[in-house]
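Participant: Quick check, what structure comes out for this input:
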Amino acid sequence: MPNYHTQSASNFNWRAFYTCSRAEKKCEHRLKEKKIDVFLPIQTVIRQWKDRKKAVQVPIFRNYIFARVDEHERIDVLRTPGVVSCIAFGGILAEIKQEEIDQIKILQTSSQQYESIQAPQKLVGAEIRINRGTLRGLKGEVLEIRGESRLLVRITSLKMAIKVEVPYSITKYA
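Facilitator: Below you'll find the model as predicted:
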């Protein structure tokens, strides 16, 4: 199988792909075997059963996986078992900016609790940047202030967002 990464890096874009239910990790593994640059953001959560608690790793965005591909590899990703489609809005393929991937990676390494939510069309509140702690450098928009700030980190390419709670004292207006 040809390795398209020998081409110019400018032909490669981060794309979001929709997967079958609970197939994100299998798709990630299959794409890595094909030597495709793939990113599956995960978080560790505690799950409770009747007899025990267990820490499990789950995707931050259910049924989504990201791959940095050119057009040939995008088609190859779509042929991978478990991958359903490439995310597009209005017939235009969603292109995720490197900055947005970097922000997701910052969140992934943090011990903060967060969840993915559907982003509202119009967000109200000031844009801020976190200036201390594990989320330093992350930009977000304030949803409400109650001793703590609820920040919504918008990932506009996906029409999705990540909600994070951080102390108001470690933020500043962007």
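Participant: all contacts plus neighbour counts: C-alpha atoms, from now on.
Facilitator: Will do.
Participant: Report the separation between residue 48 and residue 56.
Facilitator: In this view, residue 48 and residue 56 are 10 Å apart by Cα to Cα, to the nearest Å.
Participant: Show me what counts as buried in the host helix or strand of residue 29.
Facilitator: Residue 29 belongs to helix 24-33 when elements are defined using DSSP states H and E. For helix 24-33, the neighbour count (16 or more other Cα atoms under 10 Å) marks 24, 25, 27, 28, 30, 31 as buried.
Participant: And the second one, how far from residue 38?
Facilitator: Residue 25 sits 11 Å away from residue 38, going by Cα to Cα.
Participant: Same check on the third one?
Facilitator: As defined by Cα to Cα, residue 27 lies at a distance of 9 Å from residue 38.
Participant: Find residues that contact each of these two.
Facilitator: The contact sets of residue 27 and residue 38 overlap at residue 65 (Cα atoms under 8 Å, 6 or more residues apart in numbering).
Participant: Quick one: the helices in this structure, in order.
Facilitator: 24-33, 71-78, 98-109 (DSSP state H).
Participant: and the residue nearest to residue 83 when sequence neighbours are not counted, what is it in contact with?
Facilitator: Spatial nearest neighbour of residue 83, excluding adjacent residues (Cα to Cα, 6 or more residues apart in numbering): residue 19 at 4.4 Å. The neighbours of residue 19, taking Cα under 8 Å, 6+ apart as the test, are 27, 63, 64, 65, 82, 83, 84, 85.
Participant: Number of residues surrounding the fifth one?
Facilitator: In this case it means residue 82. Residue 82 has 21 neighbouring residues, counting by other Cα atoms under 10 Å.
Participant: Check what pLDDT it gets.
Facilitator: Looking at residue 82, its pLDDT is 97.
Participant: can you tell me how far the closest residue to residue 104 other than its chain neighbours sits from residue 28?
Facilitator: Computed as Cα to Cα, 6+ apart, the closest residue to residue 104 that is not its neighbour in sequence is residue 41, at 7.1 Å. Distance from residue 41 to residue 28, counting by Cα to Cα: 10 Å.
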